[in-house]
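> Pasted the sequence and its predicted model underneath.
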Amino acid sequence: MATDQAQSEAADDSYAAFEERVRRIANVSNASGILQWDQEVVMPDEGTPARAQQLSALSAISHELLTADETGELLEELEDSDLEEDQAAVVREVRRKYDRETSVPQELVEEISETTTNAHPAWKQAKENDDFEEFAPVLEKLVELKREYAEHIDPDADPYEVLFSDYEPYIDLETAERVLERLREELVPLIDAVQDSDADLTTDAFAGEFDDDDQEALARDVLDSLGYDWGRGRLDTAPHPFSSGTQFDARVTTRFEEDDLLGSITSTIHEFGHANYTLGLPDEGYGTPLGEARDLSVHESQSRLWENHVGRSRPFWEQFLPTARERFPELEDVSPEAAYESANQVYDDNLIRVEADELTYHLHIVIRFEIERDLIRGDLAVDDVPEAWNDKYEEYLGVRPETDAEGCLQDIHWSHGSFGYFPTYSLGSVLAAQLYAAAEDELGDLDDDIREGDFEALNGWLRENVHRHGKRYTTPELIERATGRELTADPFLEYVTSKYGELYGLEDY
């Protein structure tokens, strides 16, 4: 009895030391996140050289703490202990990171960090100058570094699969490819039917020129209506909208273009979805995996759920249009139905992913996925990216970019070294539909709530079934617990075929 008690106390002491170490690593990482936010939002243009060194130093500290012998010894000791469920989940998640990072030399970690920091302004300048050749050398270096990174982790594996697992550790690449292939197969004929339709939708409800300051005021109205916690967040602008932070400080960025009021609204709602998930993580889990989001597909499911299932719904525009009219009297003659139709039109000439509709959006993802996979596998040279990009747009979407800025330079992700990230966008859309369907199965039809601007029930369901768990469960386990089934494209395809079949009067849908 005394021996058992002593062992239990020793295990408790070991876990306490382990958790303290994990929290220290998390705080270094979170500090890096604030510096990255600062670089993309408010840092002076000439601040990059110092910021690159700062981020590289923090990356090195985090790497050293995680890969230290003490971390490995604590992991081994705890894995042989009788842990509580939450403790076992923390150990599982840290073990995975430890195994990957101990495989990668610290010098390579620092070089990747410094290169990506310098790559951001290079990408930004190349985009402004519409010149891929300016960005090509740093992209070439990033591709080489990420190949080297993947080889250190698993020299026998497909390097792209290794990189994909950085963003989706529990959904394998084969599953992602299967989902993307099914979306491509089933959405292309639906898109063709939409484009052949003679339905007369309103497409210009938001046409005009809109002042940036007034758009920002409306973006704040949107966040207010959805229940954004301003005590733990803020709104700023960035060239590429994003959200970052922790459950105590989850920030939203958006962008404003004078001729794209709808785009600023939908991007704000999208980033709210990300921030709302972050804010829903348990306070007491901060600094451990229990207080961190369950990887990118789940994160993206939250942004796509709010953007599409809420923000592009008919009842949302019935509720929110009066607020938009107060900010922009020129919308006085726009009806909720016209706003709904304009928010859901399917474009036949869209080149920009972040401006794409729900249907063509996934072909944008397929293109990026195929190109970055071929880059990492060595099947495509960096210099050939613009032509490959343009050819795929012409083949899959029937349009051809005329500039690099509206083509292969439009996304920020590769400048971050984020190869393997793009599939999570489509996986997130698929999961969003599955979660929304499960919420309605339990709560009933949510249209009336949305029409009244009451999001308490939906948000409560998401808090209960997704947010509060952090990384307690693997992704498949979380999906199964929340929806009662494994990840499937069925709810998404049912949702879009019903929605767009009705909008465009498609008899076969």
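Nice, thanks for sending it over.
> element containing the spatially most central residue of the chain?
Centroid-nearest residue in the chain: Glu300, 4.2 Å away (criterion: C-alpha atoms, centre = their mean). Using DSSP states H and E, Glu300 maps to helix 295-304.
> picking that back up, shouldn't the residue nearest to the centre of the chain be in contact with Tyr425?
Yes - taking C-beta atoms under 8 Å as the definition, Glu300 is a contact partner of Tyr425 at 5.6 Å. Where you see a C-beta, it was placed from the backbone N, CA and C, and this is true even at glycine.
> Now do the same contact list for the residue lying closest to the residue nearest to the centre of the chain once chain neighbours are set aside.
Nearest non-adjacent residue to Glu300, counting by C-beta to C-beta, 6 or more residues apart in numbering: Gly428, 2.5 Å away. Neighbour list for Gly428: 296-304 [criterion: C-beta atoms under 8 Å, 6 or more residues apart in numbering].
> Scan this protein for its longest helix.
If you go by DSSP state H, the chain has its longest helix at helix 2-41.
> Okay, buried residues for it please.
Residues of helix 2-41 classed as buried under the neighbour-count rule (16 or more other C-beta atoms under 10 Å) are 11, 14-15, 18-19, 21-22, 25-26, 28-30, 32-33, 36-37, 39-41.
> In the stretch 401-509 of the chain, where is pLDDT below threshold?
Along the stretch 401-509 of the chain, no part satisfies pLDDT under 70.
> now the longest helix of the chain, how far from the centre of its chain.
Between the centre of helix 2-41 and the centre of its chain there are 25 Å (C-alpha atoms, centre = their mean, to the nearest Å).
> again with stretch 206-215
Here stretch 206-215 shows a centroid-to-chain-centroid distance of 26 Å under the convention C-alpha atoms, centre = their mean.
> Just the endpoints, please. Distance across that stretch?
For stretch 206-215, the first-to-last residue distance is 12 Å (C-alpha to C-alpha, to the nearest Å).
> tell me which element Phe206 falls in.
Using DSSP H and E, Phe206 falls within no helix or strand.
> Please report the distance of it from Ser264.
According to C-beta to C-beta, to the nearest Å, Phe206 and Ser264 sit 10 Å apart.
> For the residue nearest to the centre of the chain, give its distance to Tyr361.
For Glu300, the distance to Tyr361 equals 12 Å [C-beta to C-beta].
> what touches both of the two?
Common contacts of Glu300 and Tyr361 (C-beta under 8 Å, 6+ apart): 425, 429.
> The residue nearest to Glu300 is in what secondary structure piece?
Under the criterion of DSSP H and E, Gly428 resides in helix 423-443.
> Give me the angle between that helix and helix 295-304.
Angle of helix 423-443 versus helix 295-304, following axes from the mean of the first three to the mean of the last three C-alpha atoms, to 10 degrees, is 60 degrees.
> what's the following helix or strand after helix 423-443?
helix 447-451.
> Measure how buried Glu326 is and give me the count.
By other C-beta atoms under 10 Å, 12 other residues sit near Glu326.
> Okay, and it sits in which element?
Per DSSP H and E: Glu326 is located in helix 314-327.
> Contacts for the helix or strand following that helix next, please.
Later in the chain than helix 314-327, the nearest helix or strand by DSSP H and E is helix 336-343. Residues outside helix 336-343 that contact it (C-beta under 8 Å, 6+ apart): 201-206, 262, 266, 311-314, 317-318, 321, 324, 503.
> can you check stretch 152-164 too?
Contacts for stretch 152-164 (C-beta under 8 Å, 6+ apart): 100, 103-105, 108, 146-147, 149-151, 172-173, 176, 372-373, 376-377, 419-420, 423.
> Can you report how many residues lie near the residue lying closest to Leu235 once chain neighbours are set aside?
Nearest non-adjacent residue to Leu235, counting by C-beta to C-beta, 6+ apart: Val252, 5.2 Å away. Residues near Val252, counting by other C-beta under 10 Å, number 27.
> Quick one: classify Val252 as helix, strand or coil.
Counting by DSSP: H, G, I helix; E, B strand; the rest coil, the backbone at Val252 sits in strand.
> now do the one 5 residues further on
Secondary structure, three-state DSSP: Glu257 is coil.
> List the contacts of it.
263-264.
> List the backbone torsions phi and psi for it.
As for Glu257, its main-chain torsions (degrees, to the nearest 10) stand at phi -130, psi 140.
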